[in-house]
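**Student:** A predicted structure for the sequence below; I have some questions about it.
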Amino acid sequence: MHQLKNNSILVIGGTGFIGTNLVKKLLKLGAKVTSLSLKRKKNKLTHKNLKHIFCDYTKIRPLKRKINKPFKYVVNLGGYIDHSKFFSGGRRVIDNHFLSTMNLLLLLKQRKLKRYLHIGTCDEYGANFSPIKENSREDPITSYAFAKLASINLLIMLNKTENFPAAVIRLFLVYGPHQKNDRLIPQVINGCLKKKSFPVSKGNQLRDFCYVDDVANAIILSLIKKRALGEVFNVGSGKPVSVKFIINTISKIIKQGKPEFNKISFRKNENLKLYPSVNKVGRILGWKPKTNLYQGLVKTINYYKTIK
């Protein structure tokens, strides 16, 4: 990890959920971090080696004014999750992810760049059978997943044809401190902490939940390992569980709250079995998660107790 000390790193989405946790780790490693975000955020991290910049990175002119120095490493966690259909807002989602990626590529000082790590999503795989391997055929069914996949295809093409130093991580479900309250695990935690009954789905979906600290470690290894160049890695715990198990475990740890199962329908075309094979990331990068599900949920619950 010493390779990152005193090196300049640009983190797009550095004030978001994963970005905040990643930036903390990078600063501990002695990196000089620039965080690029769309909007200003209250209670953002402060540190002598951390600079915050804010702009709409779908527009190249303001981005060019902000990105005016070379970076050794770039991590693109930017964009937002939105499953809108193309004619109902999906075009905006595509611009947010794909257009912003092209803008960044055009502005980066490539001679200085050692690694550009793009963060993809399991949604790119669509309804594939699990466990999903990296060579499974992608089948995006939303504008969001399409835009993510288009960005990744562009980067892999550039790596093959122009030696652009790209690598890709596809994340499955990530949880932990700083996650938005509208995601599954924060919703369940907050429902239990309020001692309320709250509606949930039947809960028989199989999903892979990986603690955010472990994800940040996988990102860092992807930055420094030479064998990551040109590769796509699935990152997850490797231990799928049902959504019902997650909900019941949170309720048992908190010892209050009453989830009401089968009160919310599944999303249309929802893949009920969505989890990865993580053999490749373990074999090539030597990564494996260190935090088991129970430990991660306890840490996450304790965080949300402090911000009530």
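**Tutor:** Thanks, I have the structure now.

**Student:** Where do the helices of the stretch 1-150 of the chain begin and end?
**Tutor:** For the stretch 1-150 of the chain, the helices defined by DSSP state H, counting those that start in this stretch occupy 17-28, 60-66, 90-94, 100-107, 143-162.

**Student:** The shortest one packs against which elements?
**Tutor:** Right, the one you point to is helix 90-94. Other elements packing on helix 90-94 under the criterion 3 or more CB pairs under 8 Å, 6 or more residues apart in numbering; DSSP states H and E are helix 143-162. To be clear about C-beta, it is placed using only N, CA and C from the backbone, and glycine gets the same treatment.

**Student:** Can you mark which positions in the helix it packs on are buried?
**Tutor:** For helix 143-162, burial by neighbour count (16 or more other CB atoms under 10 Å) applies to 143-152, 154-156, 158-159.

**Student:** close enough to count as contact, Ser136 and Tyr125?
**Tutor:** Yes: counting by CB atoms under 8 Å, Ser136 touches Tyr125, with 5.9 Å between them.

**Student:** Looking at these two, which is more packed in?
**Tutor:** Remark: of Ser136 and Tyr125, Tyr125 carries more neighbours, 27 against 17, as counted by other CB atoms under 10 Å.

**Student:** who's in contact with the more buried one?
**Tutor:** Applying CB atoms under 8 Å, 6 or more residues apart in numbering to Tyr125 gives the contacts 132, 136, 138-139, 170, 274.

**Student:** on that earlier part again, out of the helices of the stretch 1-150 of the chain, which gets nearest to Thr249?
**Tutor:** helix 17-28 (20.7 Å; CB to CB).

**Student:** Can you list the neighbours in contact with the closest one?
**Tutor:** Helix 17-28 has contacts (CB under 8 Å, 6+ apart) with 4, 9, 11-14, 33, 35, 37, 45, 47, 49-50, 75, 77, 119, 171, 174, 176-180, 212-213, 215-217, 219-220.

**Student:** Fine by me, thanks again.
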